[in-house]
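J.: Need coordinates for the below:
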Amino acid sequence: MKRIGLFILCMCLAAGSVIIYHFCFVPRLAYIDIPKVFNGFNMKSEMQKKFDRTENMRKSIIDSLSMELQVLSNRVKAHPKDPDVVNEFDRKRQYFFTMKNRAEEDNAALSAQYDKQILEQMSAYIMEYGKGKNYDFIYGSSGNGVLMFANEQYNISDDIILFINDKYNGIK
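T.: Okay, the predicted model is just below:
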């Protein structure tokens, strides 16, 4: 009878040691699919709508300038020797290309600014999530070679999307 009790005690100690080792020394880790989380973030959708409105406004201005340039081009074809018409066309053409280049540069800068804001907010929420769920590491996978492989069971992207959208919407 003593041997059975001693055996049970040894098994309990062994099981307890494994559990303590696992919770104290084995890091808790997971990974997220960064593009999936980025695109699933509500803030990204809102910023995309703001960007699209601004881009469309700039596009309509460029389209109007293009129409004016087309009208002047027709006037130049009708009066090729009139220096006033040719000069006005050249001036408008230069203005058109300047405005078009400026709009493209502004769109690229605005897109980069919005992406930076989204990533900063997303990172803050992911950090809060990791601390709240007692993760030691949350890796990011973006298909660029940083994380070459991970078992899908450690993918917490869907949980992260829910969490960051709740935080963004003021739910948690």
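
J.: from here on, contacts and neighbour counts on C-alpha atoms
T.: Fine.

J.: Tell me who's in contact with the residue nearest the centre of the chain.
T.: In the chain, the C-alpha nearest the mean C-alpha coordinate belongs to residue 38, at 3.9 Å (C-alpha atoms, centre = their mean). Residues in contact with residue 38 (C-alpha atoms under 8 Å, 6 or more residues apart in numbering) are 44, 118-119, 122.

J.: Show me the one in the residues you listed that has more neighbours than the rest.
T.: Of all those, the highest neighbour tally under other C-alpha atoms under 10 Å goes to residue 122, namely 24 neighbours.

J.: right, and that residue touches residue 166 too?
T.: No: using C-alpha atoms under 8 Å, residue 122 makes no contact with residue 166, being 11.8 Å away.

J.: Just the element for the residue nearest to residue 114 when sequence neighbours are not counted, please.
T.: Nearest residue to residue 114 in three dimensions, chain neighbours excluded: residue 47, at 6.5 Å (C-alpha to C-alpha, 6 or more residues apart in numbering). Using DSSP states H and E, residue 47 falls within helix 42-78.

J.: Retrieve the pLDDT associated with residue 158.
T.: The model reports residue 158 with a pLDDT of 92.

J.: Please work out how many residues are found near it.
T.: Residue 158: 13 surrounding residues under other C-alpha under 10 Å.

J.: and it, what element?
T.: Using DSSP H and E, residue 158 falls within helix 157-168.

J.: between the contacts of residue 38, which is nearest residue 13?
T.: Set against residue 13, the nearest of the contacts of residue 38 by C-alpha to C-alpha is residue 122 (43.0 Å).

J.: Tell me who's in contact with that closest one.
T.: Applying C-alpha under 8 Å, 6+ apart to residue 122 gives the contacts 38, 41, 164.

J.: how close does the second one get to residue 113?
T.: So that's residue 41. Distance of residue 41 to residue 113, computed by C-alpha to C-alpha, to the nearest Å: 16 Å.

J.: which of these two has more neighbours?
T.: Neighbours per residue, other C-alpha under 10 Å: of residue 41 and residue 113, the larger number sits with residue 41, 23 against 11.

J.: Verify the stated contact: the more buried one with residue 167.
T.: No: using C-alpha under 8 Å as the test, residue 41 is too far from residue 167 to be in contact (10.5 Å).

J.: residues contacting the closest residue to residue 141 other than its chain neighbours?
T.: In space, and not counting its chain neighbours, residue 141 is closest to residue 33: 4.8 Å by C-alpha to C-alpha, 6+ apart. By C-alpha under 8 Å, 6+ apart, the contact list for residue 33 reads 140-142, 155, 157.
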